[in-house]
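Need coordinates for the below:
(one chain, ligands or ions: 1)
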Amino acid sequence: MSRYWSALVHDLSPYTPGEQPRIANLIKLNTNESPLAPSPAVLAAIAGEATEALRLYPDPAATALREALATYHGLSADQVFVGNGSDEVLAHAFAGLLKHDAPLLYPDITYSFYPVWAQLFGVATEAVPLDADFRVRIADYRRPAGAIILPNPNAPTGTPLALAEIEALLRDHPAIPVVIDEAYVDFGAETAVPLIAAHPNLLVVRTFSKSRALAGLRVGYALGHRDLIEALTRVKDSFNSYPLGRPAQAGAIASVQDDAAFQAGLASIVATRGRMTAGLEALGFQVLPSAANFVFARHPAHGGADLAAALRGRAILVRRFNAPRIADHLRITVGTDGQTEALLSALAEILAA
Ligand code: PMP
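Predicted coordinates for the structure are as follows:
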């Protein structure tokens with residue numbers, strides 16, 4: 001406890017980022033990074049920014065990137081906001097859009113950064129329990145709310161909502177901000193972007209960290225009505241006018257324009273997810289149907305903490321959680337085929353021991 005801290009900082013319970021150990025030959029399946037390299041076009045675009053121009057500030061509005069994303073999604077550039085990872089975009093949404101007199105609703109098992117931002121920005125919240133199958137039930141959100149945030153697919157469960165369910169949520173709540181966090185949507189869920197035209201209260205948040213294999217570049221974005229985008233821009237310009245450096249802007253543009261590499265990467269991760277799910281089920285795991293680049297699984301006879309520790313002893317990192325209802329579950333990122341084989345044979349050994 002420091003007497004120099006503000007009362008706010010004393011009270012914070014910060015998010016704990018997933019481990020990023022510097023250990024050689026680690027099989028790292030704990031933070032949902034892509035196992036694939038960024039495409040050569042993306043790497044060339046980033047390298048192309050290593051010039052004397054780095055002495056100059058980047059475009060604070062990231063206009064070229066926002067135009068590329070607008071074209072990609074069939075929107076206009078003033079419907080696109082970009083930031084330093086979707087974490088920053090979401091933080092701005094909490095500061096600028098989600099604080100109202102009535103509580104912000106979100107699932108009780110979800111991205112654990114949401115309650116942290118709510119605390120930081122003084123947003124009143126109400127957590128809505130997942131159903132018995134660990135799914136978000138839209139009918140449970142039919143209650144008074146100041147705003148709503150949901151990931152689709154949800155994390156760490158990986159289960160998707162259908163577009164019709166999100167449409168029903170928007171019909172129930174036409175006049176409050178609704179944020180759909182689509183960090184993992186490319187791996188098999190339906191995007192809510194087509195609903196933006198008819199729903200000016202919908203903000204869709206995306207990231208380059210997962211399906212675009214660029215977690216290290218830190219680029220995220222939001223799509224929505226220009227009024228919502230203006231709110232985020234006002235927060236950004238009151239906080240950090242230059243959230244994206246020149247390499248990040250150039251690399252992200254190249255990624256959006258290299259659709260062939262993007263689609264090929266997605267197809268390979270989805271295929272590996274199928275093999276990983278089948279392999280885990282063959283070992284007796286119960287695996288929730290995943291629309292993400294990770295699976296959420298539990299073994300009826302082995303605790304999550306024990307399994308994670310045993311895997312760690314074999315240099316394989318997976319994610320586990322302390323929340324009571326999911327303490328037995330592991331969230332395992334889809335790696336390469338080789339990493340998946342190593343995971344499955346390590347688990348087979350551990351379960352046989
Ligand atoms: N939303 C969800 C649901 C996530 O799991 C993550 C990754 N931890 C993020 C947002 C943030 O990702 P990034 O800041 O890398 O874009």
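
show me what contacts the closest residue to residue 100 other than its chain neighbours?
Once flanking residues are discounted, residue 100 sits nearest to residue 146: 2.9 Å by C-beta to C-beta, 6 or more residues apart in numbering. (Glycine included, C-beta is placed from N, CA and C.) By C-beta atoms under 8 Å, 6 or more residues apart in numbering, the contact set of residue 146 is 98-104, 124, 176.

let's see 7 Å
Contacts for residue 146 (C-beta atoms under 7 Å, 6 or more residues apart in numbering) come out as 100-104, 176.

Go through those and say which is closest to the ligand.
Set against the ligand, the nearest of the contacts of residue 146 by C-beta to the nearest ligand atom is residue 104 (15.4 Å).

List the beta-bridge partners for that closest one.
Going by DSSP bridges, residue 104 is paired in beta bridges with residue 125, residue 147.

Let me know the secondary structure of residue 319.
Following DSSP: H, G, I helix; E, B strand; the rest coil, we place residue 319 in the strand state.

Could you check how far it is from residue 27?
Here residue 319 is placed at a distance of 13 Å from residue 27 (C-beta to C-beta, to the nearest Å).

again, but for residue 67
In this view, residue 67 and residue 27 are 39 Å apart by C-beta to C-beta.

So if I had to pick from those two, which one is more boxed in?
It is residue 27, of residue 67 and residue 27, that has more neighbours when counted by other C-beta atoms under 10 Å, with 21 against 15.

returning to what we had before: just the buried ones among the contacts of residue 146, please.
103-104, 176 (16 or more other C-beta atoms under 10 Å).

between those residues, which is nearest residue 155?
The nearest member of the buried ones among the contacts of residue 146 to residue 155, counting by C-beta to C-beta, is residue 104 at 17.2 Å.

Surely the closest one touches residue 147?
Yes. Between residue 104 and residue 147 there is a contact under C-beta atoms under 7 Å: 4.8 Å.

Identify the contacts common to the two.
residue 98.

what secondary structure does the closest residue to residue 182 other than its chain neighbours sit in?
Of all residues not flanking residue 182 in the chain, residue 206 sits nearest, at 5.2 Å (C-beta to C-beta, 6+ apart). Going by three-state DSSP, the secondary structure assigned to residue 206 is strand.

Same question for the one 3 residues further on.
Taken by three-state DSSP, the conformation at residue 209 corresponds to coil.

my guess is it meets residue 216, correct?
No. Using C-beta under 7 Å, residue 209 is not in contact with residue 216; the gap is 8.4 Å.

So these two - more neighbours on which side?
Neighbour count, other C-beta under 10 Å: between residue 209 and residue 216, residue 209 has more, with 23 against 12.

any idea what sits nearest that one, other than its immediate chain neighbours?
Spatial nearest neighbour of residue 209, chain neighbours left out: residue 215 (3.9 Å); criterion: C-beta to C-beta, 6+ apart.

for residue 277, same thing?
Closest to residue 277 by C-beta to C-beta, 6+ apart is residue 287, at 5.0 Å.

Check residue 158 too.
residue 290 (3.5 Å).

circling back: got JSON lines for the contacts of residue 146, with pLDDT and distance to the ligand too?
Shown next, in JSON lines, are these (pLDDT from 0 to 100; distance: C-beta to the nearest ligand atom, whole Å):
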{"residue": "100", "pLDDT": "97", "distance to the ligand": "21"}
{"residue": "101", "pLDDT": "97", "distance to the ligand": "26"}
{"residue": "102", "pLDDT": "98", "distance to the ligand": "23"}
{"residue": "103", "pLDDT": "98", "distance to the ligand": "20"}
{"residue": "104", "pLDDT": "98", "distance to the ligand": "15"}
{"residue": "176", "pLDDT": "98", "distance to the ligand": "20"}
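
would CSV of these with distance to residue 333 be doable?
What follows is the contacts of residue 146, written out as CSV (distance: C-beta to C-beta, whole Å):
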residue, distance to residue 333
100, 35
101, 39
102, 36
103, 32
104, 28
176, 33
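
now, which of those sits nearest residue 2?
When the contacts of residue 146 are compared against residue 2 (criterion: C-beta to C-beta), the nearest one is residue 104, at 29.8 Å.

Identify the residues contacting that closest one.
98, 118, 123-125, 146-147, 149.
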